[in-house]
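just a sequence and a predicted model for now, questions to come.
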Amino acid sequence: ATDNALFYHDFEERFRGPQQEIVERLRQYLPCIQKQFGTLQNKVCADIGCGRGEWLDLLREQGVQEYVGIALNTLQLEICKQKGHPVICQDAVQYIAQQPEGSLDLITGFQIIEHLSFETLLALFAVCFKALRPGGAVLFETPNTTNLQTGATYFYADPTHIKPLFKG
């Protein structure tokens, strides 16, 4: 693993929280997704910036068989592999752009879009839109910087954050 991969892994281990705690936090999105799809069992899902695989754990728990985690952090991808998750080490925009048009039901990314430049964010949105099936969904979670504690401290504790994104 590179020094950057090791730094970010250690940073997440210390500041994001234990994996099971993150799984429980992410569980809040399941009702919304179930409302959209009913069941995820026959859906094709891609998780961008899959980290240690917490969302992948939930997808598998929900019976999803066709899913992939995408990231560049080889150390975290190894954790996902050890859990038995299919993962790929590739730039997310490139990976999603390579998928056939209308081939993905659900594209997710938790705590990643605040790390992207504006140009990269627009490129990501464009390739996601193209790769989605009709009725598909994209779910990106980003820190809520309108929360005073998050906006004043937690957001800026991560040196890889570029800038906050606001709901519009």
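Yes, it's here.

where's the most centrally placed residue in the chain, which helix or strand?
Nearest to the mean C-alpha position of the chain, counting by Cα atoms, centre = their mean, stands residue 109 at 2.4 Å. Applying DSSP states H and E as the criterion places residue 109 in strand 104-110.

my guess is the residue nearest to the centre of the chain meets residue 92, correct?
Yes: between residue 109 and residue 92 there is a contact under Cβ atoms under 8 Å: 7.4 Å. Using the backbone N, CA and C atoms, a C-beta is placed for each residue, glycine as well.

what do the two both touch?
Counting by Cβ atoms under 8 Å, 6 or more residues apart in numbering, the residues touching both residue 109 and residue 92 are 48-49.

and the lengthiest strand in the chain, what does it pack against?
When the chain is parsed with DSSP state E, its longest strand is strand 132-141. Judged by 3 or more Cβ pairs under 8 Å, 6 or more residues apart in numbering; DSSP states H and E, strand 132-141 is in contact with helix 30-37, strand 104-110, helix 118-131.

cutoff 10 Å now
helix 30-37, strand 44-48, strand 104-110, helix 118-131 (3 or more Cβ pairs under 10 Å, 6 or more residues apart in numbering; DSSP states H and E).

that one pairs with which strands?
strand 104-110 (parallel) (DSSP bridges).

convert the partner strand to CSV, retaining C-alpha atoms only.
Output of strand 104-110 as CSV, limited to C-alpha atoms (Å, rounded to 0.1, in the frame of the first residue of the first chain):
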residue,chain,number,x,y,z
LEU,A,104,-26.6,-0.3,-13.4
ASP,A,105,-29.6,-0.1,-11.1
LEU,A,106,-27.9,1.6,-8.1
ILE,A,107,-24.8,3.7,-7.8
THR,A,108,-23.7,4.8,-4.4
GLY,A,109,-20.9,6.8,-2.8
PHE,A,110,-20.7,7.6,0.9
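
and it, average pLDDT?
The average of the pLDDT scores along strand 104-110 is 97.

repeat that for stretch 135-150.
The average pLDDT for stretch 135-150 rounds to 74.

and residue 28, what's its pLDDT?
Note on residue 28: pLDDT of 94.
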